[in-house]
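> Next one to model:
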Amino acid sequence: MDELPERLVEAVGDATAIELIDIGGGDIVAITPAETYCYRSEGLLSDETVDRYPHDIDRLTTEAGRRKTTIHFETIDGERSLTVPGNVADEVIEAILKGVLRTADVVDDGETIQALFRFSELTLVVTEDQLLKHVGSAVWNDDYEAFAYEALTDLDFEEGSVATQVIVEVDGRRQRVKVPNEHAGRVRQEVQSAVFEYHDVSSLGGLRAEVREEEDEEESEADEDDTDSESSAVVDSDWSPPADQDVTSLSENKASSGGTDESITGSDAERNTDDAAGATAADVDALAEQVDELTETVERQSELIEAQQETLEKLVDELRRGR
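Residues are numbered from 1 along each chain as shown. Have a look, this model is predicted:
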């Protein structure tokens with residue numbers, strides 16, 4: 001399009017157009033982040049017009065006919081519809097959806113949308129920071145899932161006879177996205193490209209290695225924190241002896257006694273040792289008794305399993321002989 005109609009330029013104003021799509025017959029659809037504009041040229045039965053469709057909506061749906069597709073912009077207050085030729089419908093819908101995602105703050109203004117796929121009741125959006133998934137008859141509404149690459153712990157692909165599953169693991173939790181095999185190659189390429197670029201790796205192996213390294217670093221930091229906590233519990237820098245305690249005499253007494261509390265006599269120590277030995281022996285006897293009981297239980301279960309196995313083998317043999 002060499003030159004836009006003056007009326008469309010006036011309607012769009014200072015807004016930046018995401019897409020300008022020629023829909024035939026001199027008509028143009030212009031999509032900005034906030035609104036879609038449909039310019040209809042003057043005809044024998046109609047005047048030149050520009051209709052506006054705000055992207056601040058609750059639901060975006062489509063209805064495909066033989067030659068034309070109708071796009072429905074639904075809000076709590078009502079619905080507005082835009083009809084375009086079927087041969088440009090996908091291009092128009094994808095451009096509108098990009099604007100809706102930005103208006104709804106699902107995608108940031110500076111975040112690049114790298115690919116967009118629509119398969120029957122699945123909408124899949126690949127951005128530079130996240131993977132968006134929407135399932136349902138609508139192209140879009142609030143019932144969607146977002147998988148941020150920052151929290152990604154694994155990525156895999158499982159090919160089946162009809163469809164391929166994109167397996168996204170976030171914080172150890174696996175999510176599956178099923179896409180048709182005829183489009184699986186491009187989906188895989190776009191998803192891998194975005195994820196690899198985000199994590200600065202070149203393969204799935206590299207991604208997994210980076211994730212393991214990050215997990216090891218987190219575990220190491222956690223261990224250091226535990227060590228610091230234990231140290232602070234043992235040594236308190238704010239501790240001081242009571243005001244009436246003579247620190248010098250305390251040190252001398254401890255040195256003269258060889259560091260042993262004089263309140264504990266030899267007979268007390270022997271009595272404590274005997275009590276501990278008695279408790280240990282009792283614990284061992286109780287544990288041995290439990291082991292014996294468990295052994296008997298396992299043996300009984302083994303006998304039951306063997307009896308059931310014999311019965312099953314007999315039944316199979318009788319079935320084979322036609323009884």
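> if I look at the residue lying closest to L122 once chain neighbours are set aside, how far off is T123?
Here the nearest residue to L122 in space, its sequence neighbours aside, is V135; by CB to CB, 6 or more residues apart in numbering that works out to 5.6 Å. Glycine gets a C-beta too; all of them are placed from N, C-alpha and C. Using CB to CB, to the nearest Å, V135 is found at 8 Å from T123.
> ok so, going back, wait, doesn't the residue nearest to L122 sit right on F119?
No - V135 lies out of contact with F119 (CB atoms under 8 Å); the separation is 10.1 Å.
> re earlier: residue contacts, the residue nearest to L122?
V135 makes contacts with 121-123, 143, as judged by CB atoms under 8 Å, 6 or more residues apart in numbering.
> and the two most separated of those residues?
L122 and D143 (12.6 Å; CB to CB).
> who's more crowded, those two?
In this view L122 and D143 are compared by other CB atoms under 10 Å, and L122 has more residues nearby, 15 against 10.
> Which strand residues bridge the more buried one?
Note on L122: beta-bridge partners F119, V135, judged by DSSP bridges.
> I113 now?
On the basis of DSSP bridges, I113 is bridged to T127.
> One more: P180?
A163.
> List the buried residues for the helix or strand harbouring L60?
Taking DSSP states H and E as the definition, one finds L60 inside strand 59-64. Residues of strand 59-64 classed as buried: 59-62 (neighbour count, 16 or more other CB atoms under 10 Å).
> and what of stretch 82-92?
82, 84, 89, 92.
> Go through those residues and flag which are in strands.
82, 84 (DSSP state E).
> E145: what's it in contact with?
E145 makes contact with 132-134, 175, according to CB under 8 Å, 6+ apart.
> How about the secondary structure of it?
At E145, secondary structure determined by DSSP: H, G, I helix; E, B strand; the rest coil is strand.
> avg pLDDT for the helix or strand hosting G206?
Assigned by DSSP H and E, G206 belongs to helix 204-234. The pLDDT scores in helix 204-234 average 74.
> Okay, now the unreliable bits of the chain?
Residues of the chain meeting the criterion pLDDT under 70: 1-2, 222-223, 225-282, 296, 299, 303, 306-307, 310, 313-314, 316-323.
> if you set the cut-off to 80 instead, what comes out?
Where the chain drops to pLDDT under 80, the residues are 1-2, 43-46, 214-323.
> Show me the beta-bridge partners of the residue nearest in space to the middle of it.
Closest to where the C-alpha atoms of the chain average out (CA atoms, centre = their mean) is V170, at 3.6 Å. Counting by DSSP bridges, V170 forms beta bridges with L152, R173.
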